[in-house]
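> Here you go, sequence then predicted model.
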Amino acid sequence: MSLLDIRVPAVLLRIDRNPFHHGTLGAVRSLGRAGVEVHVVADSAGSPVRSSRFVCQMHPPPAPGASPGEIAGTLRRVAARIARPAVLIPMDDASAVAVGRLGDELAPSYLLPQQPGALSERVADKAELAAVCAGADIPHPVTLIPESPAQAATFAWQLGLPVVAKWSRPWLVPAGTGLRSTVVVHSAQEARELFLRAEEAGSRLLLQAFLPPGPDRDWFFHGYADRSGAVRGGGTGRKQRAWPRGAGLTAVGRWTPNPQVQALAERLTASLGYRGILDLDFRRCGSTGRYHLLDFNPRPGAQFRLFADSAGLDVVRALHLDLTHRPLPDGSPRPGRVFVVENYAPLSALRPALGGRELAWHAPDDPGPGRAMWGLWGRHVLRKVWERLGGTGPAPRTAEVRVVRQAGESHPNGPVEPAELTKVTELSDDEKASSC
């Protein structure tokens, strides 16, 4: 018998166009294995997620840049088809911000954590997060917000080059601009030129002190803050490999207890009165040893399945249990457990893991997405090799592809989807360079 109330379906919402988002597949499998009917509102063109046997139905998503009213309309149409209340889980920042604004309008069709509607938007906004950390006494890289191109150049010198430049609301950056939500700036002129593109980016530019990467410096915390404020279903993890290397998503992560990071996360959650799923990124300063909060994502992180405990509880199951008023089981942590994203770390996927391991794509009980991912990834790699060898025109026997993403980050080696033609790939909000 399932611990979860299988009479209540789940709806996963992802506005970001990213066929390689393994976090969505993780949520589909976690809930589907427990017997929950899972609906996915996301782009299905070429997505390996649609191959999962645990997907009940795929629904067309809102367009990138859709207004809150358009997003509400999409969710109302899905609710009408399901015809009973469902747990709604935003899977990217754009979705989390929109759902936070629309909470009252979406009830009673959807079950959501009860918290101030603006809180998700506040913590996802990089400029607001700096103020949040200051108020809660949470270490955060020194952050300055220029008001002019000249001031941007001055602040870059003041912070000490290189510096990290961020757009405060990355989900507003339009696709196809070549702008990244986070970039390391190496000169005052670069900072000046970025500032001049603020109107195009749709939000303020901020500059942050650069904390160099290094061994054991990148950490993350996943959790679910329940109705009482207790944080359940997660833990602290260490990023062992990243993609892109040194400044990207977690390609290999290990469940590693870290009382300092845990305490910082729980203190921040309590001070905000936050309710729901959260994913926090930290970097340890090499000179002071302090852990600085880099990002607060008000949604599941892509590697949340790393923290499935001995009772099978993770943040997605914790949310469903809590919102359906069911008790959360008291499982034991499983430190040493490893999570590997095969297409970014294929050799790590072959190595034994004494503490147990979960792969992002391959699963014996759900082989379809893994097969679909490798076919899609192979076409992407072949295209990239062709381009680097100086080939002109489309790569032989492959589709040129594009990824349209709400976060608007670009990277020359970003993942792609075989849906539409001839666009540069862009990183999703789970693939951004660390602010460090």
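Thanks, I have it. Numbers count the residues shown, from 1 in each chain.
> quick one: contacts for residue 7?
residue 84 (Cβ atoms under 8 Å, 6 or more residues apart in numbering). C-betas here are computed from N, CA, C, even on glycine.
> quick one: it is in a helix?
No. Read with DSSP: H, G, I helix; E, B strand; the rest coil, residue 7 is coil and lies in no helix.
> what stretches of the stretch 251-400 of the chain score poorly on pLDDT?
Scanning the stretch 251-400 of the chain for pLDDT under 70 picks out the ranges 391-400.
> What segments of it are strands?
276-284, 291-297, 338-340, 357-359 (DSSP state E, counting those that start in this stretch).
> among those, which is nearest residue 240?
Ranking the strands of the stretch 251-400 of the chain by proximity to residue 240 (Cβ to Cβ) places strand 338-340 first, at 8.0 Å.
> And for the residue nearest to residue 229 when sequence neighbours are not counted, the neighbour number?
Leaving aside its chain neighbours, residue 229 sits nearest to residue 270 (6.2 Å; criterion: Cβ to Cβ, 6 or more residues apart in numbering). Using other Cβ atoms under 10 Å, residue 270 has 14 neighbouring residues.
> buried sites along the longest strand along the chain?
Identified as the longest strand of the chain according to DSSP state E is strand 231-243. Neighbour-count burial for strand 231-243 flags 231-243 (criterion: 16 or more other Cβ atoms under 10 Å).
> Farthest-apart pair in those residues, please.
232 and 243 (29.0 Å).
> which one is residue 280 nearest to, not counting chain neighbours?
Residue 280 sits nearest to residue 221 (Cβ to Cβ, 6+ apart), 4.5 Å away.
> Let me see the contact set for the one you found.
Residue 221 neighbours (Cβ under 8 Å, 6+ apart): 234, 235, 236, 237, 261, 262, 264, 265, 278, 279, 280, 282.
> try residue 10
Counted by Cβ under 8 Å, 6+ apart, residue 10 has contacts 27, 31, 36, 37, 38, 39, 86, 87, 88, 89, 320.
> one step back: does the residue nearest to residue 280 count as helix, strand or coil?
strand.
> Look up how far residue 100 lies from it.
20 Å (Cβ to Cβ, to the nearest Å).
> What's the biggest helix in the chain, counting residues?
helix 368-388 (DSSP state H).
> Name the residues of that helix that are buried.
368-370, 372-374, 376-377, 379-380, 383-384, 386.
> Which two among the residues you listed are spaced furthest apart?
368 and 386 (27.8 Å).
> what about residue 43, how many neighbours?
Counted with other Cβ under 10 Å, residue 43 comes out at 25.
> which outside residues touch stretch 113-125?
By Cβ under 8 Å, 6+ apart, stretch 113-125 touches 93, 96-97, 99-104, 128-129, 132, 168-169, 171, 203, 225, 227, 272-276, 296-298, 319, 322-323.
> actually stretch 349-359, sorry about that
254-255, 305-306, 308, 334-342, 362, 370.
> Just the buried positions in it, please.
349, 353, 357, 358, 359.
> Repeat that for stretch 308-320.
Those would be 308, 309, 313, 314, 315, 316, 317, 318, 319, 320, for stretch 308-320 by 16+ other Cβ under 10 Å.
> Turn those into CSV, columns for distance to residue 177.
Output for the buried residues of stretch 308-320, formatted as CSV (distance: Cβ to Cβ, whole Å):
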residue, distance to residue 177
308, 38
309, 42
313, 41
314, 35
315, 33
316, 33
317, 38
318, 37
319, 34
320, 37
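> nearest to residue 217, of the residues you listed?
residue 315 (23.9 Å).
> The closest one reaches residue 234, doesn't it?
Yes. Counting by Cβ atoms under 8 Å, residue 315 does reach residue 234; the two are 5.3 Å apart.
> For residue 181, which non-adjacent residue is spatially closest?
Nearest non-adjacent residue to residue 181 (Cβ to Cβ, 6+ apart): residue 170, at 3.2 Å.
> Tell me the bridge partners for the residue nearest to residue 280.
residue 236, residue 280 (DSSP bridges).
> State the distance from it to residue 171.
From residue 221 to residue 171 the distance is 22 Å (Cβ to Cβ).
> Over to residue 379?
For residue 379 relative to residue 171 (Cβ to Cβ), the value is 28 Å.
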